[in-house]
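Asks: Test case, fold it:
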Amino acid sequence: MLGAIAGDIIGSVYEWNNIKTKQFRLFRSESRFTDDTVLTVAIADAILNQGDYTDTLKQYHQRFPGPGYGGTFNAWAGSSNREPYNSWGNGSAMRVSPVSYAFDNLEQVLQEAKRSAAVTHDHPEGIKGAQATAAAVFLARTGQSKPEIKAYIESTFAYDLSQTLDAIRPSYQFDVSCQGSVPQAITAFLESTDFEDAIRNAISLGGDSDTIACIAGSIAEAFYGGVPEAIAQETMIRLDQRLMDVVDTFTTRYPSHQVH
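Replies: Residues are numbered from 1 along each chain as shown. Below you'll find the model as predicted:
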């Protein structure tokens, strides 16, 4: 999940200041973690401690006020309401990557991805975005090739992954829906040559940069066997100690598998 966090932090300065190029500084002084990181760590925490997803997401919202939560999530997390709110937003996909490491087969990963999504994002598109992301991470970490990952995602989730980044980029705009950002994030990974290139691809599209880079980074970490040391260090020093502790515990228990 460190790949997801790195993508979030690197993308954080470009979310409201889109760039349509791969040439940019990875880390700047204002690069910071956002809600993508907080909620990814919340899912990891729930898995580690066999916690309830609803309770854990609400606890993290309380512990980390203000990193940029979506308005509907903010209202839900700050209330006593435990019912999901039928979201199709990409929040379900950005936070799901820990699921892909903690479960041993694709069927379990898909089932758990749905559970982690449905506490808030119970709309079919919200669940689909989480499952597609989790499946891509799982297939990547278990040694499947890019053509195999692409074919599985297209046939199982009916996402169109035929468009190239060069075709998507010129007209792509801010879109927080799963259906308008998850396929683009997966394509950013598919066209990448290494972890850093996946992040650069994702951010070069514009749009919801931190989340697209978060999703692409989660898959790239699994496929390329980890996050490069320099990027990992820059990512970790920007984390709150409480977040860092969960990341350390989770990655020790569920390491990235070097399979390529």
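Asks: Flag every buried residue along the helix ranked longest in the chain.
Replies: Identified as the longest helix of the chain according to DSSP state H is helix 124-141. By neighbour count with 16 or more other CB atoms under 10 Å, helix 124-141 contains the buried residues 125-141. C-betas here are computed from N, CA, C, even on glycine.
Asks: can you give me the offset of it from its chain's centre?
Replies: Distance of helix 124-141 from its chain centroid, counting by CA atoms, centre = their mean, to the nearest Å, is 10 Å.
Asks: Name the next helix or strand following it along the chain.
Replies: Note on helix 124-141: by DSSP states H and E, the next helix or strand toward the C-terminus is helix 146-157.
Asks: which secondary structure elements does that next one contact?
Replies: helix 124-141, helix 182-190, helix 209-224 (3 or more CB pairs under 8 Å, 6 or more residues apart in numbering; DSSP states H and E).
Asks: Name the nearest residue to K114, sequence neighbours excluded.
Replies: The shortest distance from K114 to any residue other than its chain neighbours is 5.2 Å, reached at I127 (CB to CB, 6 or more residues apart in numbering).
Asks: Pretty sure the one you found sits against H121.
Replies: Yes - between I127 and H121 there is a contact under CB atoms under 8 Å: 6.6 Å.
Asks: Need the overlap of contacts for those two.
Replies: Overlap of the contact sets of I127 and H121 (by CB atoms under 8 Å, 6 or more residues apart in numbering) consists of S92.
Asks: returning to that earlier point: closest one to L26 among the helices and strands packed on helix 146-157?
Replies: When those are compared by CB to CB, helix 209-224 sits nearest L26, at 10.4 Å.
Asks: what's the next secondary structure element after the closest one?
Replies: By DSSP H and E, the next helix or strand past helix 209-224 is helix 229-236.
Asks: Can you name the next helix or strand after that following helix?
Replies: As assigned by DSSP H and E, the chain's next helix or strand after helix 229-236 is helix 241-253.
Asks: Which strands and helices lie in contact with that following helix?
Replies: Counting by 3+ CB pairs under 8 Å, 6+ apart, the packing neighbours recorded for helix 241-253 are helix 2-11, helix 35-48.
Asks: in what helix or strand does the residue of the chain most remote from its centre lie?
Replies: Using CA atoms, centre = their mean, the residue of the chain lying farthest from its centre is S80. It sits 26.5 Å away. Assigned by DSSP H and E, S80 belongs to no helix or strand.
Asks: Let me see the contact set for it.
Replies: Contacts of S80 (CB under 8 Å, 6+ apart): none.
Asks: I'd like to know how far it sits from I10.
Replies: Using CB to CB, to the nearest Å, S80 is found at 36 Å from I10.
Asks: and what of I199?
Replies: The value you get for I199 to I10, if CB to CB is used, is 6 Å.
Asks: So for the two, which residues contact both of them?
Replies: Shared contacts of I199 and I10, defined by CB under 8 Å, 6+ apart, are found at 26, 213, 217.
Asks: Just the closest of those to T34, please.
Replies: For the shared contacts of I199 and I10, the nearest to T34 is A213 (10.8 Å; CB to CB).
Asks: what is the mean pLDDT for the longest helix of the chain?
Replies: Averaged over helix 124-141, pLDDT sits at 98.
Asks: Can you spell out which helices and strands pack onto that helix?
Replies: Partner elements for helix 124-141 (3+ CB pairs under 8 Å, 6+ apart): helix 91-94, helix 97-102, helix 106-118, helix 146-157, helix 182-190, helix 209-224.
Asks: Quick check: buried residues in the shortest one?
Replies: The reference is to helix 91-94. By neighbour count with 16+ other CB under 10 Å, helix 91-94 contains the buried residues 91-94.
Asks: mind giving me TSV with those residues and columns for pLDDT and distance to F33?
Replies: Shown next, in TSV, are those (pLDDT from 0 to 100; distance: CB to CB, whole Å):
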residue	pLDDT	distance to F33
G91	96	15
S92	98	19
A93	98	17
M94	98	12
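Asks: closest to Y152 among these?
Replies: A93 (16.0 Å).
Asks: Touching, the closest one and E125? I think so.
Replies: No - assessed by CB under 8 Å, A93 is found out of contact with E125, at 10.1 Å.
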